[in-house]
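*Asks:* Return atomic coordinates for the entry below.
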Amino acid sequence: MIDAEYDVLGIGNAIFDVLVKTDEAFLNRHGMGKGSMALIDEVRATAIYSDIGPGTEMCGGSAANTIVGVASLGARAAYVGKVKVDQIGRLYTHDIRAAGVTFETKPAPDGPATGCSYILVTSDGERTMNTYLGAAQELKPEDIDPAQIAAAKIVYLEGYLWDPQSAKEAFVKAATIAHGAGRQVALTLSDAFCVDRYRNEFLELMRKGTVDLVFANEAELHSLYQTSDLDAAMKQLRADAKLGVVTRGQKGCLVSSSERVTAIPAFPVKHIVDTTGAGDLFASGFLFGLVRGAGYENAGRLGALAAAEVIQHIGARPQVSLKELARQNGLQG
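*Replies:* Numbers count the residues shown, from 1 in each chain. As a prediction, this is how the structure comes out:
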C-alpha cells in the first residue's frame, strides 16, 4: 500500500452557509415559518440574498463541516464537492482552503448556481433555514479523482449524496477505489428522512461491505431498523456494520464493533447555544482518533470534545483550534 497523502477525505454537498440575525418581520415578509427548514429554488434564493442584512458567511454542508473539524485537529484533510464558477463558488473555495483543507474539485462552468443555505436567527435564538442545493447536486463520477481517493486513509461519505443518481454513482466509485487501495470507507446517514427514503439501499451498502464505518444518531438508527428498541437496533447494527457509532446527545455515544458495544459519555457543556453541527464535529473527532490509532474509546472522547465545542456557540464550525483543545484535555490522539 502506498503512503497516504490525506488522513480523511470527505465527499458531500458543497453548501455555502449565510448566517444572519434577523426579526420576525423579515420572516413574515418572505412567508417563512419560524424554525422551519425548507428547500428553495434559485429564484427564491436570490430574492432572500438580496434582502438580508450583513451576516457570517462560511463554507458548509455536513461532510464539509466534518472535514474542517478534522483539519482543525491537525490532520491532513481533503474535500470533494461541487460548486459553480460564480461569486459564491469562489467564496466557498477560498473559505474551505483557508481552513486547511485541500479542495480541488473542478467547478461547474454553467448550470445551477453554487448551493447555499440562508440561516436566519431571531432574537430568541430560533433558526429558520432555507437551503438551495444548486450545483452541489451536480457532482458526477468524473469529479472523483482515483489518485486522490486512493491517497486518503479514510473516505467519508455524506448520506445526502444518495439523492441524485450521478452523485450516487460518484459515491460508489469512490468507495470502490478506496477499497481497492486498502483504505477504509465511512458513511454518515445524515438525516432520519434520508434514511426513510433509502433504508434498503443503505443497509445493502453496509451488508455488502461497501462502507466499513457508519455514523448515525438515535433517530437515524431507529429509522434504519424501524424499531424504537435501542438494544435491538444496536444488535442489528453490530451484525450489519464492521463498525458503527451512534450519537445520543447528552447521553454520549455507543460504539459497536465485532467485539463489543462500548458506551462513551458526552463531554460536559456549560451552556448549549446551538446544536447545529454537533454530529458533524463528533465525526471529526472520531475519525481523527481512528486514523491516529487512539482506540475506539479515545476516538469517542475526541468526538465528544469536538461536539461540545461546536454546540457552545452559533455556527457549525469550531471557533478555537481543536488540536489545542484536545491537547488541553489530554486527548491528542
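*Asks:* And the helices in this structure?
*Replies:* For the chain, applying DSSP state H gives helices covering 24-29, 42-51, 62-72, 87-98, 146-150, 165-180, 192-207, 218-225, 230-240, 278-291, 296-310, 322-328.
*Asks:* want to try JSON lines for those, with distance to residue 112 as columns?
*Replies:* Any C-beta I mention is one placed from the backbone N, CA and C, and that applies to glycine too. Formatted as JSON lines, the helices of the chain follow (distance: least, C-beta to C-beta, whole Å):
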{"stretch": "helix 24-29", "distance to residue 112": "25"}
{"stretch": "helix 42-51", "distance to residue 112": "6"}
{"stretch": "helix 62-72", "distance to residue 112": "18"}
{"stretch": "helix 87-98", "distance to residue 112": "11"}
{"stretch": "helix 146-150", "distance to residue 112": "24"}
{"stretch": "helix 165-180", "distance to residue 112": "13"}
{"stretch": "helix 192-207", "distance to residue 112": "20"}
{"stretch": "helix 218-225", "distance to residue 112": "28"}
{"stretch": "helix 230-240", "distance to residue 112": "35"}
{"stretch": "helix 278-291", "distance to residue 112": "24"}
{"stretch": "helix 296-310", "distance to residue 112": "29"}
{"stretch": "helix 322-328", "distance to residue 112": "33"}
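*Asks:* so which of those gets nearest residue 158?
*Replies:* The minimum distance between residue 158 and those falls on helix 62-72, with 4.0 Å, by C-beta to C-beta.
*Asks:* tell me what that closest one is packed against?
*Replies:* Helix 62-72 sits against strand 6-11, strand 77-80, helix 87-98, strand 101-103, strand 152-158, strand 184-188, helix 278-291, helix 322-328, with contacts defined as 3 or more C-beta pairs under 8 Å, 6 or more residues apart in numbering; DSSP states H and E.
*Asks:* between the ones you listed, which gets nearest to residue 117?
*Replies:* Nearest to residue 117, of all the helices and strands packed on helix 62-72, is helix 87-98, at 11.1 Å by C-beta to C-beta.
*Asks:* Where does pLDDT dip in the chain?
*Replies:* Within the chain, the stretches with pLDDT under 70 are 1-2, 125, 332-333.
*Asks:* Identify the residues contacting residue 272.
*Replies:* Listed by C-beta atoms under 8 Å, 6 or more residues apart in numbering, the contact partners of residue 272 are 311, 312.
*Asks:* need the contact list for residue 231.
*Replies:* Contacts of residue 231 by C-beta under 8 Å, 6+ apart: none found.
*Asks:* What distance do you get for it to residue 159?
*Replies:* Going from residue 231 to residue 159 by C-beta to C-beta, to the nearest Å gives 24 Å.
*Asks:* same question, residue 303
*Replies:* Residue 303 is 18 Å from residue 159, by C-beta to C-beta.
*Asks:* Just want to know which of those two has more residues nearby.
*Replies:* Neighbour tally, residue 303 and residue 159, criterion other C-beta atoms under 10 Å: the higher count belongs to residue 303, 32 against 25.
*Asks:* and the nearest residue to residue 85 once chain neighbours are set aside, what are its phi and psi?
*Replies:* In this structure, residue 85 finds its nearest non-sequential neighbour in residue 107, 4.7 Å apart by C-beta to C-beta, 6 or more residues apart in numbering. Residue 107 adopts backbone torsions of phi -70, psi 150, taken as degrees, to the nearest 10.
*Asks:* can I assume residue 107 is in contact with residue 83?
*Replies:* Yes: here residue 107 reaches residue 83: they are 5.0 Å apart, a contact under C-beta atoms under 8 Å.
*Asks:* Next, count neighbours for the closest residue in space to residue 203 that isn't next to it in sequence.
*Replies:* Distances taken as C-beta to C-beta, 6+ apart put residue 240 closest to residue 203, at 6.5 Å, once the chain neighbours are dropped. Residues within reach of residue 240, counting by other C-beta under 10 Å, total 18.
*Asks:* quick one: residue 240 and residue 206, what's the gap?
*Replies:* Distance, residue 240 to residue 206, by C-beta to C-beta: 5 Å.
*Asks:* ok, now how distant is residue 89 from residue 161?
*Replies:* As judged by C-beta to C-beta, residue 89 and residue 161 stand 18 Å apart.
*Asks:* same thing with residue 141?
*Replies:* For residue 141, the distance to residue 161 equals 12 Å [C-beta to C-beta].
*Asks:* which neighbours do those two share?
*Replies:* Counting by C-beta under 8 Å, 6+ apart, the shared contacts of residue 141 and residue 161 are residue 170.
*Asks:* When those two are compared, which one has more neighbours?
*Replies:* Neighbours were counted for residue 141 and for residue 161 using other C-beta under 10 Å; residue 161 has more, 25 against 14.
*Asks:* Contacts only, for that one.
*Replies:* Residues in contact with residue 161, defined by C-beta under 8 Å, 6+ apart, are 11, 12, 13, 139, 167, 168, 170, 171.
*Asks:* Most neighbours out of these, which is it?
*Replies:* residue 12 leads the contacts of residue 161 on contacts (other C-beta under 10 Å) with 30 neighbours.
*Asks:* ok, for that residue, nearest residue in space, not its chain neighbours?
*Replies:* In space, residue 12 is closest to residue 63, 2.8 Å off (C-beta to C-beta, 6+ apart).
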